[in-house]
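Enquirer: show me the folded form of this:
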Amino acid sequence: MGQTTQNYDIITRLAVGNGAIVYRAVEKGTMRQVALKLLTQDGDVDHRLDLDALFTDVPWLRSIEGTHVCRLLDAHSDDDGHVLVYEYAPGISGAELPREKPLDAAQALDVAAQLISALRSGERQRCPHGDLKPSNIVFVDFPGGRPYVFVLDWGLASYRQTMPDDSLLYLAPEMLAGDPPSHHSDLFSAGAVLFYLYTGKLLVAGTDRQQLLAAWQAVRPGMLAELRPDLSEKFVAWVCGLLALDPAQRPASAVEAGSTLAALGPPPPMVPPEVIRPRPAPKPVPAPVPPPPVPPVHRPSAFISPAQASGIHISAAMDPGAVPAPVPRIPPAVQKPSSLPTISIYVALIIVVIGGLWWALTRPSEKSAQEQIAPAPREPVRTPPPSVPLPPAPVKPAPNVAAPIVLGESGPLIASETFKYQAGQNIKGKAGGRGWDGVWQGLVGKIVAPSLSYLNHPATDGSLFIAEVQQPLELKRHIGPLTSFITNPAKGGHWYMGLLLQHSNSTPEPGGAIMINPLDMADVNNLIRIVVEDKDGTQHINLNADEQGISVPQDGKPLFLILRIDLKNPKGINYDIKGTLWVNPDLASAKPDQTGQKLVVELKNQFIPRQLGLLVRKKPGKTVTFIDEVRYARHMADMVFKPVAEEEEAGP
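Expert: All right, here's what the predicted structure looks like:
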């Protein structure tokens, strides 16, 4: 590394990757620390750079700068390869941040504002980043505990034909489909990066573009509120807006995203720390240089100028080129000058001075006249190189969001699922039911002929059959907003969930328990969870890991489960929660809540999401499960599972 070692003292190696080795060095001329990126394009490199195009555009890449943008300082070719010289920031990689230094709510807002500031810098200079990911962000400890965001490798993605595998996890769907980097794709990547920084979790997984495209269709960004209940509702909504799959539904620009975020009150902008971007030393003010002495003009001692002869003393200021010789004094008795010539000269001088001032004030300035005629020169507009495509920003249309169907507006039910599908059909992705806010997600088994009934609650259209499984199984479905369940979330309220379920094991081998979560809160401690498992010929029901639970004989009859959820004492978006689970109550009784067996769980000051759902998980094992008639309603009386035809006849 001949040229490199001439200009830099290499201190240590920072990282080795598939395509580059990064060193920390000191620039000899300035003694500032820098990062040297030695590009290794030999061997098995699956994301090569177009070096010819990159080095052609180095002057343009060096001009890209911003408060949170790592600047390219230099680029050259050396004996060992091509070297890119960047600003150096001592800190922690974003890939390690959630584990090493988790961000609190205030820091989360601060980091988001800084990341959007970096995107604004890229927009202003017409250069998208194209490869935003946690490992391309360094966090520097700033005085006062503020993390300082420093984004690396700005613009390099435009010179790659393929992307590294870890980059694919944060690419926008349009880039996964083959589109070039854009400022809209940067906003999406920023949302995915922020989600990881706040939770330490990935929204999608995989290395195949088509697989990841499909995975993004099933992602629910709103789970950020469940994983980080300390983040404000508006801030979570802002992050979710960045993750809109349709670019037209994201903010129109980083400027717009930053304006919206500014309303949430992030800390004021930061100045890059001295350790990253040293302040230039102030230029010394030169001492004033005294004017050179004026050489004296020697004249004969007998010389007297006409003015002196008239009695006027000409100063050096009036005639800087002449210093008069001493005037020989004439005795007063001999010298009798007239006062008339002296007065006349004074008057003439006054007239000349006044006239000169009038002429100077009234004469038009040549410079101002030229400025009026010639337009001000324009600074040249920087245009990006051909290798960095810049599609025009799409016009953001008004959002078109379909309102969820709420059965409660025309009847007692919030949502109902009778599994009215064709027998033998796999209902993965199918809508079905009524009142739900989304389709089923996950592997969900097959539909079989109606098989369940309990007392006066016969099965209707069909049953969901889940056979024994080798791997954990999960299926879920969105129900709708919290306002579908309680009319005023600020005051709290209650609702019911009911279902028919049969869970049995054909062998003595344990396992295969099924868990039902009526709040879709799997990622936040499973606040309310019903677990049913086969134990020694009985169906054992447990609510939130209750030590005792309830056991029902395995007599071939299904379980009739009704759960009441109460939300009390609202504190913002947190509530005190009470869950009451009845096992096989008698709804024909005048007081069904006093029949059957009951489990109760109470939780204090817990977060409840604004979008609710149903989550069902099954552990590996030999058990088989039948589920029928899942429904949500506001009253226990609405848990009577009547045939669909009877419901329709009784409708409004």
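
Enquirer: quick one: what helix or strand has the closest residue in space to Leu39 that isn't next to it in sequence in it?
Expert: Nearest residue to Leu39 in three dimensions, chain neighbours excluded: His82, at 4.5 Å (Cβ to Cβ, 6 or more residues apart in numbering). In this view, the C-beta of every residue, glycine as well, is placed from N, C-alpha and C. Element membership of His82 [criterion: DSSP states H and E] is strand 81-87.

Enquirer: which residues sit in contact with Ile64?
Expert: By Cβ atoms under 8 Å, 6 or more residues apart in numbering, the contact set of Ile64 is 71-72, 121-122, 125, 127, 154-155.

Enquirer: quick check: it is in a helix.
Expert: No: looking at Ile64 with DSSP: H, G, I helix; E, B strand; the rest coil, it is coil, so not inside a helix.

Enquirer: for Ala252, see how far away it is.
Expert: 22 Å (Cβ to Cβ, to the nearest Å).

Enquirer: neighbours of Arg277, how many?
Expert: A count of neighbours around Arg277, defined by other Cβ atoms under 10 Å, yields 17.

Enquirer: my error: substitute Ala15 in the last question.
Expert: 13.

Enquirer: does Asn605 sit in a helix, a strand or a coil?
Expert: Put simply, Asn605 is strand when judged by three-state DSSP.

Enquirer: isn't it right next to Pro570, touching?
Expert: No: the pair Asn605 / Pro570 is not scored as a contact, 10.0 Å apart, by Cβ atoms under 8 Å.

Enquirer: out of those two, which sits in the busier spot?
Expert: Applying other Cβ under 10 Å to Asn605 and Pro570 shows that Pro570 carries more neighbours, namely 18 against 12.

Enquirer: return the set of buried residues in the helix or strand containing that one.
Expert: Element membership for Pro570, per DSSP H and E: strand 559-571. Neighbour-count burial for strand 559-571, with 16 or more other Cβ atoms under 10 Å as criterion, is recorded at 559-567, 570.

Enquirer: same thing with stretch 132-142?
Expert: Neighbour-count burial for stretch 132-142 flags 132-140, 142 (criterion: 16+ other Cβ under 10 Å).

Enquirer: ok, back up a step: could you export the contacts of Ile64 as a markdown table, including pLDDT?
Expert: Listed next are those as a markdown table, based on pLDDT from 0 to 100:
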| residue | pLDDT |
| --- | --- |
| Arg71 | 93 |
| Leu72 | 95 |
| Ser121 | 92 |
| Gly122 | 90 |
| Gln125 | 83 |
| Cys127 | 87 |
| Trp154 | 93 |
| Gly155 | 89 |
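
Enquirer: now, which of those lie within helices?
Expert: Among these, the ones falling in helices (DSSP state H) are 121-122.

Enquirer: beyond the lowest-mean-pLDDT helix or strand in the chain, next helix or strand please.
Expert: Within the chain, no helix or strand scores below helix 366-373, which has a mean of 37 by mean pLDDT, DSSP states H and E. Following helix 366-373 in sequence order, the next helix or strand is strand 413-417 (DSSP H and E).

Enquirer: and that following strand, which residues are buried?
Expert: In strand 413-417, counting by 16+ other Cβ under 10 Å, buried: 413-417.

Enquirer: same thing with stretch 613-633?
Expert: Those would be 613-619, 621-633, for stretch 613-633 by 16+ other Cβ under 10 Å.

Enquirer: ok, now stretch 422-434?
Expert: Under the neighbour-count criterion of 16+ other Cβ under 10 Å, stretch 422-434 has 427, 432-434 buried.

Enquirer: which among those residues gets closest to Leu213?
Expert: Using Cβ to Cβ, Ile427 is the member of these that lies nearest Leu213, at 22.7 Å.

Enquirer: so can I have a markdown table of the buried residues of stretch 132-142 showing distance to Leu14?
Expert: Below are the buried residues of stretch 132-142 laid out as a markdown table (distance: Cβ to Cβ, whole Å):
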| residue | distance to Leu14 |
| --- | --- |
| Leu132 | 20 |
| Lys133 | 17 |
| Pro134 | 16 |
| Ser135 | 12 |
| Asn136 | 14 |
| Ile137 | 15 |
| Val138 | 11 |
| Phe139 | 15 |
| Val140 | 15 |
| Phe142 | 21 |
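
Enquirer: just those residues: which are in strands?
Expert: 137-140 (DSSP state E).

Enquirer: need those residues in JSON lines with distance to Tyr148 and pLDDT, can you?
Expert: Shown next, in JSON lines, are those (distance: Cβ to Cβ, whole Å; pLDDT from 0 to 100):
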{"residue": "Ile137", "distance to Tyr148": "11", "pLDDT": "96"}
{"residue": "Val138", "distance to Tyr148": "9", "pLDDT": "95"}
{"residue": "Phe139", "distance to Tyr148": "7", "pLDDT": "95"}
{"residue": "Val140", "distance to Tyr148": "4", "pLDDT": "90"}
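
Enquirer: and of those, the nearest to Ser185?
Expert: Distance ranking of these against Ser185, using Cβ to Cβ, places Ile137 first at 16.6 Å.

Enquirer: quick check: closest non-adjacent residue to the closest one.
Expert: For Ile137, the spatially nearest residue (Cβ to Cβ, 6+ apart) is Gly94, at 3.8 Å.

Enquirer: same thing with Asp153?
Expert: Nearest non-adjacent residue to Asp153 (Cβ to Cβ, 6+ apart): Asn136, at 5.4 Å.

Enquirer: how long is stretch 91-101 from one end to the other?
Expert: One end of stretch 91-101 to the other measures 11 Å (Cα to Cα, to the nearest Å).

Enquirer: pull the residues that contact that stretch.
Expert: Here stretch 91-101 has contacts from 103, 133-141, 147-148, 150, 193, 196-200, using Cβ under 8 Å, 6+ apart.

Enquirer: switch to 7 Å and redo it
Expert: Residues outside stretch 91-101 that contact it (Cβ atoms under 7 Å, 6 or more residues apart in numbering): 134-135, 137-141, 150, 196-197, 199-200.

Enquirer: gap between it and the chain center?
Expert: Relative to the centre of its chain, stretch 91-101 is centred 16 Å away, using Cα atoms, centre = their mean, to the nearest Å.

Enquirer: do the same with stretch 463-479
Expert: Centroid separation between stretch 463-479 and its chain, computed with Cα atoms, centre = their mean, is 33 Å.

Enquirer: can you get me the start-to-end distance on that stretch?
Expert: Span of stretch 463-479 from end to end, Cα to Cα: 20 Å.

Enquirer: return the set of buried residues in it.
Expert: Applying a neighbour-count criterion of 16+ other Cβ under 10 Å, one finds 463-466, 468-469, 473, 475-479 buried in stretch 463-479.

Enquirer: now, which of those residues sits nearest Tyr8?
Expert: In terms of Cβ to Cβ, no member of the buried residues of stretch 463-479 lies closer to Tyr8 than Lys476, at 54.6 Å.

Enquirer: no more questions from me, cheers.
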